[in-house]
Structures are given as C-alpha cells and as structure tokens.
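> Give me a 3D structure for the following:
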Amino acid sequence: MNQPTLQTVLKTINQKINNKKANFTESKKDYIMKDGKKGHTRRDFIKTGLTGLAFTIAAPSIVPSSVLGKNAPSNRINIGQIGFGRIARSHDLPECMRHDDVQVMAVCDVDRDRMKDGKAYIENWYKENKGQRSPVNVKMYEHYRELVNDPEIDAVIVSTPDHWHVQPAIEAALAGKDVYVQKPLSLTVEEGRVLSNVIHRTGRILQVGSQQRSLDPWPQFHRAAELVRNGRIGDIQEVLVGFGADPSGEEQPRMEVPSSLNYDMWLGSTPRIPYTEKGVHPEEGYGRPGWLRIEQFGAGMITGWGAHHVDTAHWGMGTEYTGPVEVEAEATFPRSGVWDVHTDFHVRNKYANGMIMDISNKNDQGVKWVGTEGWISCKRGPAKVTASDPGSSGGGGKSLDASDPKILDSEIGPNEVHLYRSDMEHHRNWLDSIKSRKQPVAPVEIGHRSCSACLISHIAMHTDKKLYFDPHREQFKNNDWANKRLGRPQRYPYGIDYLNLSSAVKAKAAGKYPFMGHGK
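This is a model prediction of the structure:
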C-alpha cells in the first residue's frame, strides 16, 4: 500500500481542523472535537491532563492515526526507564519494547555504568528485534527528575530498589506521566498512602508490578481467585500463603565507592552507611542484588514475595481495599553479617470478616484458600520472571489444584462475580490503560493494601505482642511503638517529606478519602 505524500497528509489535517462540527470520538481516532474545541492527539491529552486542555495549531508535527495507521507517532507511548538493573533488563523493558506502539526513549540510573549499559541495551534491542536501527538516540539521565520533566516522555517505568519506588513515582505523576512501578509498592505504609493519594488526585494511570493478576503467563491465579470469590469452597476459614526466606550472609568490610556510582543518592532517604558491594548491587553483571537482604532498603521476602502472594490471597478473599485487624508474628533475624532481613518466619493475620491469613516459609509455595466445603490452591509452577525466581518449590504440586477436581471445571455464571480479566501480559495491560484511561488490573490502592499487609506483618516480626490494626485509619490501636514504624525518618534532601505536596495529599488517614473505594 502506497504511503501518502506530505502534501496529502497536511491537506488532510487541515481539512479536519477546519471542520469544526466534526466529532472524532471513535476509539481509532486521535482527534477529539467536542463543544467546538479543537482536536487533540492522545499525547496532547496525556500531557495536559492535569491542567486542562490547551492546544495551539501551527505546522503539525503529529499525524493522526486515521492518516498513517494505529502505530503513527501520535499513538506511540514514549517511555522513560528509571533504574536499569536485573528486573529492568530482563523483564520490564523487553515486555514493553516488543510492542510497536511503544518507544523507550530515555534511561536513568545513579550508576553511570548501568545508565550507559541501559542506553546500549535499549538501542541494541531495537536493532536486533525490530530489524532496524533504533528510531531514536536513547537519552541518558543521571537524575530521575530530569527524566520525568522531559516533555517528550509520556510514561515511566520505576525499576529501582524498594526505598526508591515512591518518590520518583510521585514526581512522575505530578509531572503528568503515567507510571509502572515494581512491587513492593513502598518502603513504608505512610509512603504508600501518599502515593495512592497523589495518583487519585492527579488522575494518572499507575500499574503495580503484581504480575500474577494478568493471565499471561499465569492464568491460574485469576481462575483460583474467581472460584473462591464465588463460593466454590464455601465460606473461607483460612488462607495459607507460602514463599521462601533469604539466608544470612557473612560480614563484608567497607569498600571504596565505585567512581560510577552516586552512592549518596543511591542511599536516598535512608541513613548514611559505609559502602559494600553486597549492600548495593554487583559491580559487574546483573545478578541478584544484596540490598534485597538489608532492612534499611526493604523488609525481605515478606514484601519481596509477599507482595505477590498476599495480593492474590486478598483477591480471593475480597479484601483488596482493606487489611488485617490483628497481626501477630515470629521471625528469626541474623545476628551478624551485612544481610539482616528475616530468615524463618511465621505470621498470622486476622481480618474483620473473621478470615485468617497464615504466612510462612514453612507453608507450601503459593496460595491455598481453605473453606467450609473444600480448598483451592495456586502457585506459579515453572514459569519465572527472572532466572533467580523460585519455581514450584515447597512441596511440589500442581499450579492449580483443588480438594475436588470438579471445582476447577465449574463455570462462572453471568450473574456471579467476574474479576477484572487482563488477558494479556501485565505491561500490555498498563499500556492499554494509558490509552483508554481506564484503571489497570493492579491499580495503586490495591497495590498499597497488599504491600501494607506485608509491612505491618514485618513490624509484628519485631515484637512478641499481638498488634491491633485499624485498616480504615491505617494506624495501630494504642501502640505508639508500632505506629512509629509505619513511616521512617528521611535523610534530607531525599524523601517525600521534602516534596512540596498539599496537606490533603500528605494525609495519612485513609478514611478521609471515600474515592479510594474502601469497603469494596
């Protein structure tokens, strides 16, 4: 098919602009002409979503999809990658770049060597997988703030260590960008609440990297949760959640900070401590980083894997917009070595509806709902996100199983509960949500609630007392010690405490915001 000439394109655009009565609202059109206002492309709409539409017609540089097709530049989502490590290179980037309506055009990392690797990786990927040179010269930024303020970027992926998830996501949303952020959503409950508030106030699309909610490659989680929600095992009595624990490690003396690493910024809002390679990430290669096993930067596997499986458990329990009311836990912590996150652990959380969630590294890997009329279980099976992810460890078994196999063949009727169905891979669901402006399968408030359940479990690991939690106010009852651990002190100039946010957005009591869907 012959491509139109530039003159034909310009003529077509001018005809559409001058036709003030046109109303291009079809999903395949880029122009939206309502109430006599001039047309806007999808990108124009995204960039002005916070402040209202503003459009000046000059020599057009964006061509409507009705002229050049669905992958025209105006339909393409320009993405900036924040953090280039193991997850970004093996998962987040390739899952986005494989789509023709996406262009990854910038990369940011506080390690200059990784930033340069990111640029080369993205450009080489496009060359090798698209059969041509990269259509853009990938920009490099040492500070994420420069990236999120780039007017050519529509959306960002945040693939940083856990303690650097929330602040870039907030600033990206305030800059009018949509966000994909790796799990766990936040380092603290208070941070997660503020991020959820910001996303709801700005109207941006945020997808949490809880990939088990999308059917590709794990359809068993959606199927299991939907069967449970529709009473196929009767009333839920207990949910067993299982995943591994990290081992302790030996001491490592302080080392000289690599010249490529802005270590002060890498530490961010957390306290200043001496540099060790095992406390950050490998200086060579992209193996599993040591920061995952240090409490200063995360909570260990209770949030690392808990954010996945607790989220799935909530999905089946119908508790996605709330949290436990009672929390008790026990855990072992290393007494020496650079790695100090929990090893063996056992958590029991009680919800207001009487359901018990039992979380332990001694349970079979995955999620098992036990009801009055049977049980259903699910786990990932052999499919992995990265090479270091566990497969079907912890007792083996099927990826989807039930006390009676007939339960799994049960048909969900038209008048029963139908959970959000994301038939595609998780990143594709995010990209489609950016275009449709509809909520993704793992939106911010659900991700916050799953992460919060893990974080308060982690707090309970550090005391031998049972804790009582108010999920509406997001505060422990009559326990100042525990409430202080819902947030962390932040080291200036890093941290959301030093962002210019309104008092309403910073409010820590979730109950003040009915638009967040509490009680659903």
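> how far away is residue 74 from residue 347?
Distance, residue 74 to residue 347, using CB to CB, to the nearest Å: 49 Å. Backbone N, C-alpha and C define where each C-beta goes, glycine included.
> what's near enough to touch the residue nearest to residue 468 when sequence neighbours are not counted?
Nearest-residue entry for residue 468: residue 477, 4.3 Å, with adjacent residues in sequence omitted and distances by CB to CB, 6 or more residues apart in numbering. Applying CB atoms under 8 Å, 6 or more residues apart in numbering, we find residue 477 in contact with 468-470.
> Now do the helices in the stretch 251-400 of the chain.
With helices called from DSSP state H, counting those that start in this stretch, the stretch 251-400 of the chain shows them at 263-267, 301-304, 306-317.
> Dump those to JSON lines, plus distance to residue 452 and mean neighbour count.
Formatted as JSON lines, the helices of the stretch 251-400 of the chain follow (distance: least, CB to CB, whole Å; neighbours: other CB atoms under 10 Å):
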{"stretch": "helix 263-267", "distance to residue 452": "24", "mean neighbour count": "17"}
{"stretch": "helix 301-304", "distance to residue 452": "10", "mean neighbour count": "24"}
{"stretch": "helix 306-317", "distance to residue 452": "10", "mean neighbour count": "27"}
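> May I see those helices organised as a markdown table, with mean pLDDT added?
Compiled in a markdown table, the helices of the stretch 251-400 of the chain are given as follows (pLDDT from 0 to 100):
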| stretch | mean pLDDT |
| --- | --- |
| helix 263-267 | 98 |
| helix 301-304 | 98 |
| helix 306-317 | 98 |
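> CSV for the ones you listed, including distance to residue 375?
Putting these into CSV (distance: least, CB to CB, whole Å) gives the following:
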stretch, distance to residue 375
helix 263-267, 44
helix 301-304, 24
helix 306-317, 11
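> Alpha carbons of stretch 235-243, as PDB, please.
In PDB, the C-alpha atoms belonging to stretch 235-243 read as follows (Å, rounded to 0.1, in the frame of the first residue of the first chain):
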ATOM      1  CA  ASP A 235     -17.000 -19.800  53.400                       C
ATOM      2  CA  ILE A 236     -13.300 -19.100  53.700                       C
ATOM      3  CA  GLN A 237     -11.800 -20.100  57.000                       C
ATOM      4  CA  GLU A 238      -8.100 -19.800  56.500                       C
ATOM      5  CA  VAL A 239      -5.700 -18.800  53.700                       C
ATOM      6  CA  LEU A 240      -2.200 -20.400  53.700                       C
ATOM      7  CA  VAL A 241       0.500 -18.300  52.000                       C
ATOM      8  CA  GLY A 242       4.000 -19.700  51.400                       C
ATOM      9  CA  PHE A 243       7.300 -18.500  50.000                       C
END
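> For that stretch, the averaged confidence score.
Averaging pLDDT along stretch 235-243 yields 98.
> contacting residues around that stretch?
Contacts for stretch 235-243 (CB under 8 Å, 6+ apart): 228, 301, 305-306, 308-310, 313, 316-317, 355-372, 390, 394.
> What ranges in the stretch 101-250 of the chain fall below the confidence cut-off?
Applying pLDDT under 70 to the stretch 101-250 of the chain flags the ranges 132-135.
> quick one: the helices in it?
112-130, 144-148, 166-174, 189-202, 219-229.
> Please indicate which of the contacts of residue 477 has the highest neighbour count?
Taking other CB atoms under 10 Å as the neighbour criterion, residue 469 ranks highest of the contacts of residue 477 with 27 neighbours.
> and it, how far is that from residue 480?
Where residue 480 is concerned, residue 469 sits at a distance of 14 Å (CB to CB).
> Distance from stretch 485-492 to the middle of the chain?
21 Å (CA atoms, centre = their mean, to the nearest Å).
> So which bits of that stretch are buried?
Residues of stretch 485-492 classed as buried by neighbour count (16 or more other CB atoms under 10 Å): 485-488, 490-491.
> Make TSV out of those residues and add pLDDT and distance to residue 118.
Output for these, formatted as TSV (pLDDT from 0 to 100; distance: CB to CB, whole Å):
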residue	pLDDT	distance to residue 118
485	98	35
486	98	34
487	98	32
488	97	29
490	97	27
491	98	26
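> Can you tell me which of those residues is nearest residue 154?
residue 490 (29.3 Å; CB to CB).
> what sits against that closest one?
269, 496-498 are the contacts of residue 490 under CB under 8 Å, 6+ apart.
> hmm, which of those residues are the buried ones?
Judged by 16+ other CB under 10 Å, buried ones among the contacts of residue 490: 269, 496-497.
> Pull up the gap between the residue nearest the centre of the chain and residue 184, please.
For the chain, the residue nearest the mean C-alpha position is residue 208 (2.1 Å; CA atoms, centre = their mean). From residue 208 across to residue 184, the span is 9 Å (CB to CB).
> circling back: export the buried residues of stretch 485-492 to TSV and tack on secondary structure?
Listed next are the buried residues of stretch 485-492 as TSV, based on DSSP: H, G, I helix; E, B strand; the rest coil:
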residue	secondary structure
485	coil
486	coil
487	coil
488	coil
490	coil
491	coil
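> Nearest to residue 463 among those residues?
Ranked by distance to residue 463 (CB to CB), those are led by residue 485 at 9.5 Å.
> Can you report phi and psi for that closest one?
phi -90, psi 0 (degrees, to the nearest 10).
> quick one, domains of the chain?
6-68, 213-247+298-516 (automatic domain parsing).
> most tightly surrounded among these?
domain 213-247+298-516 (a mean of 19; mean count of other CB atoms under 10 Å).
> hey, C-alpha coordinates of stretch 490-500 in CSV?
Output in CSV follows, covering the C-alpha atoms of stretch 490-500 (Å, rounded to 0.1, in the frame of the first residue of the first chain):
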residue,chain,number,x,y,z
GLN,A,490,14.1,10.6,56.0
ARG,A,491,17.5,12.0,55.3
TYR,A,492,17.5,15.4,53.7
PRO,A,493,17.2,16.3,50.8
TYR,A,494,15.8,12.9,49.8
GLY,A,495,12.3,11.6,50.7
ILE,A,496,8.7,12.6,50.2
ASP,A,497,8.8,14.7,53.4
TYR,A,498,10.7,17.3,51.4
LEU,A,499,8.3,17.4,48.4
ASN,A,500,6.0,20.3,48.0
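> what residues are up against the residue lying closest to residue 210 once chain neighbours are set aside?
In this structure, residue 210 finds its nearest non-sequential neighbour in residue 442, 4.3 Å apart by CB to CB, 6+ apart. Neighbour list for residue 442: 207-210, 213, 311, 426 [criterion: CB under 8 Å, 6+ apart].
> State the distance from the residue nearest to residue 468 to residue 290.
Residue 477 is 36 Å from residue 290, by CB to CB.
> Over to residue 482?
When residue 482 is compared with residue 290 (using CB to CB), they lie 28 Å apart.
> quick one, strands of the stretch 301-450 of the chain?
326-331, 345-350, 356-360, 366-371, 374-378, 400-402, 422-425 (DSSP state E, counting those that start in this stretch).
> can you count the residues close to the nearest residue to residue 258 once chain neighbours are set aside?
Of all residues not flanking residue 258 in the chain, residue 283 sits nearest, at 5.8 Å (CB to CB, 6+ apart). By the criterion of other CB under 10 Å, residue 283 has 12 neighbours.
> does residue 283 really touch residue 277, like I thought?
Yes: in terms of CB atoms under 8 Å, residue 283 counts as a neighbour of residue 277; the distance is 5.6 Å.
> could you measure residue 166 against residue 241, distance?
With distances taken as CB to CB, residue 166 is found 24 Å from residue 241.
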